[in-house]
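**Q** next input, structure requested:
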Amino acid sequence: MAGVDERWVLRAADQRALDERAAASGIEQDALMESAGTNAAEWILERLRPRRAVVLAGPGGNGGDALVVARCLHEAGVEVRSFGLAPLEECSPATQRMAAWLEGTGAEPIRPASDDELTEALDRADCAVDGLFGSGLGRPLSEEAVRIVERVNTVSAKTVSLDLPSGLASDRGEMLGDAVRADVTLAMAFLKPAHLLYPAAEHCGNTAVVDVSYPESVLRTAEPWARVCERTGIRRRLPVRRPNGHKGTFGRVLVVAGSIGMTGAAILCCRAAVRAGAGLVHLAGPASLDPIFETTLPEVITIPLPDEDGHLANIDDTRLEEAMDRADVLAVGPGLSRAPETLAGVRSMVERFPGPIVVDADGLYALRGCGDVLARLAGRAILTPHPGELGALVGEASGEVDAWRRDRAGSYAAEHGIVLVLKGRPTAIGLPDGGVYLNPTGNDGLATGGSGDVLTGLIAGFAAGGTSLADAALVATYVHGLAAEVYARDRAPRSLTPSDVLDLIPEVLREVER
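**A** Residues are numbered from 1 along each chain as shown. Have a look, this model is predicted:
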């Protein structure tokens, strides 16, 4: 069950089922509506402190929640004007009861949202509460609703959507049509897929979860579609750093990476593993490139291997075997090249290495069509593809993988018994049991060459520190994304570089550890 460490993501039908089970247990719909609206109003009053608010109420349950918000704001001294999308007699019985309760407090009567007065009220307000439609919407908005949404989207007032911005479909990332562009979305009890999937998530602004008073017995029956780690959960998953530890106890990472023209990938990966706290990092790369690695990576022990034209030619080298014997975690792939002899060596190496393996980039390319190799990685591998790389592994177009990223990450991870980190927004972390986490951090600044190499090194470094493979993936993706957010606090995300991410890791880890 969701708690302080994580949030659950539920589809619309799953939350409706919870409502039905709550009703069967004796909790009336009005009580759930009162709880949701009251908690949403408290959030608004505490953080936005509005003086004049406009509340837009639809005919269904979302409208009832909005009218509870209107009543609570009115009782707190806020000047509230409420507008309904449909005549009261066409609203749900619960919404009608909330309207009667609101008017019984002496608040202004609810006016039709089609009135010209709506524009004037929105222009004067400093807060607009969108309760037109919630998670039950599965069709484009009507022309009348679109006109109202267009008005809302042009005002300077802070727009707060209840559960979902009106116009979004709960379970989908693609747009149905026009939708409210909220500054804040207050999810009711659980996140919904649209809060996290793009482009729909762009309309949600900052999303917060407000409690709804479901009985504990009902909550225990919920099955999450996905999970989202909170910062407390990330903190708990960090590797333990004992005061009397040393470089051996904090883990040894062996990175096999780099080729002519791609030395940066290997360098970024190694630096990230060091930043994650690995006690020792070794880099096995082409001997002809070793002077570059020696110069740029003073914290890393290099293992020059035989190469041909700048790519590894003999991965079965004795020095590599010795390094593999000592390593706790193997990271393979960044900038490695797709030379046939290199790819064959990668397949041999990942089969021989007995411990945890992080596979990225050209390492993933080496696994295409190699189901027998993948089968031997079960229980000990983290694969980190972007949609194109996963598409190549499963025979699908990258767009199809991206559109169904939660499903593809979960099914591939379960099929092969691995952890799969499907990069993108949001990054989806599939677990061997089929469960999926969606990473909540990050921004478009990470969409640049080298970001994935940093992520691979972070995962390897955290795994070497003693976390489980799943926890290493969760911590690394969260920290990686949070570094981009910290950068964007006073700089343009588009200017972010992978080296900037590395430089911010100490600050980000300090935030997470507090």
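**Q** for the rest of this, base every contact and every neighbour count on C-alpha atoms.
**A** Will do.
**Q** show me this protein divided up by domain.
**A** 6-224, 247-513 (automatic domain parsing).
**Q** between these, which gets nearest to residue 236?
**A** domain 247-513 (8.8 Å; C-alpha to C-alpha).
**Q** for the record, mean pLDDT for the closest one?
**A** With pLDDT averaged residue by residue, domain 247-513 scores 96.
**Q** stretch 70-77 now?
**A** Averaged over stretch 70-77, pLDDT sits at 97.
**Q** buried sites along it?
**A** Neighbour-count burial for stretch 70-77 flags 70-74 (criterion: 16 or more other C-alpha atoms under 10 Å).
**Q** got it, and stretch 76-86?
**A** 78-86.
**Q** likewise stretch 429-440?
**A** Neighbour-count burial for stretch 429-440 [16+ other C-alpha under 10 Å]: 429-432, 434-440.
**Q** residues contacting the residue sitting nearest the centre point of the chain?
**A** Nearest residue to the geometric centre of the chain (C-alpha atoms, centre = their mean): residue 439, 2.4 Å. Residues in contact with residue 439, defined by C-alpha atoms under 8 Å, 6 or more residues apart in numbering, are 228-229, 426-429, 474, 477-478.
**Q** gap between it and residue 226?
**A** The gap separating residue 439 from residue 226 is 10 Å, by C-alpha to C-alpha, to the nearest Å.
**Q** and for residue 270?
**A** 31 Å.
**Q** more neighbours: the two, which one.
**A** Neighbours per residue, other C-alpha atoms under 10 Å: of residue 270 and residue 226, the larger number sits with residue 270, 34 against 23.
**Q** ok, residue 39 touching residue 210?
**A** Yes - under the criterion of C-alpha atoms under 8 Å, residue 39 makes contact with residue 210 at 6.1 Å.
**Q** what's the local residue count around the closest residue to residue 343 other than its chain neighbours?
**A** The shortest distance from residue 343 to any non-neighbouring residue, by C-alpha to C-alpha, 6 or more residues apart in numbering, is to residue 366 (5.0 Å). Around residue 366 there are 23 other residues, counting by other C-alpha under 10 Å.
**Q** can I assume residue 366 is in contact with residue 347?
**A** Yes - using C-alpha under 8 Å, residue 366 is in contact with residue 347, at 6.5 Å.
**Q** hmm, back to that, return the subset of the buried residues of stretch 429-440 lying in strands.
**A** Among those, the members found in strands (DSSP state E) are 429-430, 436-438.
**Q** can you put those residues in a markdown table and add distance to residue 58?
**A** Output for these, formatted as a markdown table (distance: C-alpha to C-alpha, whole Å):
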| residue | distance to residue 58 |
| --- | --- |
| 429 | 36 |
| 430 | 37 |
| 436 | 33 |
| 437 | 32 |
| 438 | 30 |
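**Q** in a helix, that's where residue 209 is, yeah?
**A** No - counting by DSSP: H, G, I helix; E, B strand; the rest coil, residue 209 is not found in a helix; it is strand.
**Q** what sits against it?
**A** 186-191.
**Q** ok, residue 463 next?
**A** Residue 463 neighbours (C-alpha under 8 Å, 6+ apart): 239, 329, 356, 469, 471-472.
**Q** surely residue 345 meets residue 317?
**A** No - Residue 345 lies out of contact with residue 317 (C-alpha under 8 Å); the separation is 10.1 Å.
**Q** more neighbours: which of these two?
**A** residue 345 (17 against 12).
**Q** any idea how far the residue lying farthest from the centre of the chain is from residue 415?
**A** Computed with C-alpha atoms, centre = their mean, the residue of the chain farthest from its C-alpha average is residue 106, at 43.4 Å. Computed as C-alpha to C-alpha, the residue 106 to residue 415 distance reads 60 Å.
**Q** same check, this time on residue 31
**A** Where residue 415 is concerned, residue 31 sits at a distance of 43 Å (C-alpha to C-alpha).
**Q** can you give me the buried ones in stretch 366-376?
**A** Buried residues in stretch 366-376 (16+ other C-alpha under 10 Å): 366-368, 373-374, 376.
**Q** okay if I get these as a markdown table plus distance to residue 456 and secondary structure?
**A** Output for those, formatted as a markdown table (distance: C-alpha to C-alpha, whole Å; DSSP: H, G, I helix; E, B strand; the rest coil):
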| residue | distance to residue 456 | secondary structure |
| --- | --- | --- |
| 366 | 16 | helix |
| 367 | 17 | coil |
| 368 | 19 | coil |
| 373 | 20 | helix |
| 374 | 18 | helix |
| 376 | 21 | coil |
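**Q** so the residue farthest from the centre of the chain, which of the three states?
**A** Reduced to three states by three-state DSSP, residue 106 is coil.
**Q** for it, give me its contacts.
**A** Counting by C-alpha under 8 Å, 6+ apart, residue 106 has no contacts.
**Q** tell me the pLDDT at it?
**A** 91.
**Q** what does residue 2 give?
**A** 57.
**Q** next up, phi/psi of residue 304, please.
**A** phi -70, psi 130 (degrees, to the nearest 10).
**Q** check the gap between the nearest residue to it once chain neighbours are set aside and residue 394 for me.
**A** Excluding the flanking residues, the one nearest residue 304 by C-alpha to C-alpha, 6+ apart is residue 287, at 4.2 Å. Distance of residue 287 to residue 394, computed by C-alpha to C-alpha: 34 Å.
**Q** for residue 485, what are its contacts?
**A** 441-443.
**Q** just to be sure, it is in a helix?
**A** Yes - assessed by three-state DSSP, residue 485 belongs to a helix.
**Q** determine the three-state secondary structure at residue 253.
**A** strand.
**Q** who does it bridge with?
**A** residue 281, residue 329 (DSSP bridges).
**Q** what about it, how many residues nearby?
**A** Residues near residue 253, counting by other C-alpha under 10 Å: 32.
**Q** ok, it touching residue 330?
**A** Yes - under the criterion of C-alpha under 8 Å, residue 253 makes contact with residue 330 at 5.9 Å.
**Q** list residues touching both of these two?
**A** Common contact partners of residue 253 and residue 330 (C-alpha under 8 Å, 6+ apart): residue 460.
**Q** can you tell me how far residue 486 is from residue 475?
**A** 16 Å.
**Q** nope, residue 25 is what I was after
**A** In terms of C-alpha to C-alpha, residue 25 sits 38 Å off from residue 475.
**Q** so for the two, which sits in the more crowded spot?
**A** residue 475 (29 against 13).
**Q** wait, what's in contact with the residue nearest to residue 181 when sequence neighbours are not counted?
**A** Distances taken as C-alpha to C-alpha, 6+ apart put residue 203 closest to residue 181, at 4.4 Å, once the chain neighbours are dropped. By C-alpha under 8 Å, 6+ apart, residue 203 lies in contact with 165, 179-182.
**Q** adding secondary structure as columns, could you present these in CSV?
**A** Formatted as CSV, the contacts of residue 203 follow (three-state DSSP):
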residue, secondary structure
165, coil
179, coil
180, coil
181, coil
182, coil
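**Q** ok, and the most crowded of these?
**A** Sorting the contacts of residue 203 by how many neighbours each has (other C-alpha under 10 Å) puts residue 165 first, at 35 neighbours.
**Q** tell me which residues touch it, please.
**A** Taking C-alpha under 8 Å, 6+ apart, we find residue 165 in contact with 130, 133-134, 179-182, 185, 203-204.
**Q** many thanks, have a good one.
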